[in-house]
Every structure is written in C-alpha cells, then in structure tokens.
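Colleague: Fold the following for me, if possible:
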Amino acid sequence: MIVENCAIDVPEGYSLNIHSKITTCPTPIADTSAGIAIRSYNPYIVVEGKGTLAPHDDAEPTFQSCSKNTRYTQSVQFRAGSAVCFIGNQTVALITTPTGSAGKYTPVVVTIWAA
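Modeller: You can find the predicted model right below:
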C-alpha cells in the first residue's frame with residue numbers, strides 16, 4: 001500500500017493526480033486534464049486521461065476486489081457512501097465519499113496501492 005485513508009476535500013473543477021510515484025496523500029490540482037476529476041455539481045467522478053473507474057459494491061474493499069472489478073467506465077455518479085475503484089497509472093485506488101457533495105467541495109477518502 002502506498003497511502004491509506006487520505007481524507008481530502010476536492011474543490012469543484014479540481015482533480016486528483018493518482019500515480020505509482022506518489023508517496024503521500026494526493027493534493028487537489030487545478031489541472032483537470034490529468035487524473036481523476038470530481039465534479040461536485042452532480043456529483044460525478046470522471047477519469048481525465050488514462051485509466052478506468054469501476055463502481056465498488058463489496059462490503060470490504062481491498063486491493064484484490066478493486067483490481068478484479070471489471071465493470072469499467074469513464075464516469076460514475078458519486079453519492080454519500082459511494083465507493084469507486086480507479087485502475088491506471090500503475091496503481092489501483094479506492095475512492096469513497098462519506099457524506100457526498102458539500103457545496104463547492106466533495107469530501108473523499110483515498111487509498112492507493114501499487115499495481
């Protein structure tokens with residue numbers, strides 16, 4: 001595991017750049033052309049660039065359950081309690097939202113594993 005349980009408030013129009021060289025919790029960046037963009041107005045989570053998303057329904061999210069999830073898509077509606085797996089950039093990540101969108105920010109919790 002690279003990083004675990006990173007609590008991040010992602011502002012509208014920002015993204016998280018998740019990759020294999022990351023060693024700390026990702027910081028939201030204004031460049032929405034790379035990484036995972038979180039659109040808080042709907043809210044949606046969208047892959048911008050390389051990688052795929054897959055909704056996660058297992059009760060206990062793990063590296064194995066995320067890496068074996070093949071319900072790939074480029075965007076997922078993101079509600080309170082949602083869990084989404086990201087596979088790309090030589091990583092597997094689990095992104096959850098405990099409360100859903102909070103106005104201009106979407107709170108997420110991110111765990112990243114090396115693929």
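Colleague: any idea which helix or strand comes after the worst-scoring helix or strand of the chain on mean pLDDT?
Modeller: Counting by mean pLDDT, DSSP states H and E, the chain has its least confident helix or strand at strand 35-39, which shows a mean of 73. Helices and strands here follow DSSP states H and E; after strand 35-39, the next one along the chain is strand 44-48.
Colleague: For that following strand, give the mean pLDDT please.
Modeller: Per-residue pLDDT values over strand 44-48 give a mean of 80.
Colleague: And the next helix or strand past that strand?
Modeller: strand 52-55.
Colleague: tell me which residues of that following strand are tucked away?
Modeller: Along strand 52-55, these residues count as buried under the neighbour rule (16 or more other CB atoms under 10 Å): 53-55. The C-beta positions use only the backbone N, C-alpha and C, and glycine is treated the same way.
Colleague: In terms of secondary structure, what does it contact?
Modeller: In this structure, strand 52-55 packs against strand 44-48, strand 75-77, strand 83-88, with contacts taken as 3 or more CB pairs under 8 Å, 6 or more residues apart in numbering; DSSP states H and E.
Colleague: run the last query once more with 10 Å
Modeller: The contact analysis (3 or more CB pairs under 10 Å, 6 or more residues apart in numbering; DSSP states H and E) places strand 52-55 against strand 44-48, helix 63-67, strand 75-77, strand 83-88.
Colleague: residues near residue 19, how many?
Modeller: Residue crowding around residue 19 was assessed by other CB atoms under 10 Å; the count is 17.
Colleague: Over to residue 108?
Modeller: Other residues lying near residue 108 total 24 when counted by other CB under 10 Å.
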